[in-house]
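Asker: Okay, here's the prediction I keep looking at, along with the sequence it came from:
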Amino acid sequence: MTQVLISLVAVAGALLGTVLGYRLQRHSADRSERKAAVLACSSAVTEVIRGQQDWWHRKSEDREGPEHRASRVEAHRLRGVARQSINGIAFYIGDDELLGLAESAFEAASDLHRADTRDELDRKTAAARESLRLFISRASHKVR
């Protein structure tokens, strides 16, 4: 009887250890996925800012030139990448506040090429970067 009880305790301990190990690994993996989604989004929005600025500069140099067309195409491509990264925020984090902040940062960044003057471009860039900073700040609290 004692041997059976010892065996049952050993089996229960092994099962408990396996379940606990699985849960801890799953939690760690989920956290890593959330971090990766936030980093991908912040990187993509940063690239949108850069791409929009390039588009604005090429437009003011030669509106009909090939550099302007190429920068416009690249800016649209970068916006698509950023949109996809926002989908990652929705999928991996699923927090409406964070999703709204990601959308706001994306929208602020996407509007830079519409600036009429260099001063307006600088103001819009600062606003886009501040919006991105707010997203990163809030996201860092959600994924820790």
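Answerer: Looks like it came in fine. Numbering: from 1, shown residues only.

Asker: So which residue is smack in the middle of this structure?
Answerer: Cys41 (1.9 Å; Cα atoms, centre = their mean).

Asker: pLDDT below threshold where in this structure?
Answerer: The chain contains residues with pLDDT under 70 at 10-12, 14-29.

Asker: Show me the helices in it, by range?
Answerer: 2-61, 66-92, 96-110, 118-143 (DSSP state H).

Asker: Buried deepest among those, which one?
Answerer: By mean neighbour count, with neighbours taken as mean count of other Cβ atoms under 10 Å, helix 96-110 ranks first of the helices of the chain at a mean of 19. The way it works is simple: take the backbone N, C-alpha and C, and place the C-beta from them, glycine included.

Asker: Mind giving me the packing neighbours of that one?
Answerer: helix 2-61, helix 66-92, helix 118-143 (3 or more Cβ pairs under 8 Å, 6 or more residues apart in numbering; DSSP states H and E).

Asker: so how far is Phe106 from Phe91?
Answerer: Using Cβ to Cβ, to the nearest Å, Phe91 is found at 16 Å from Phe106.

Asker: Could you do Glu67 as well?
Answerer: Distance, Glu67 to Phe106, by Cβ to Cβ: 25 Å.
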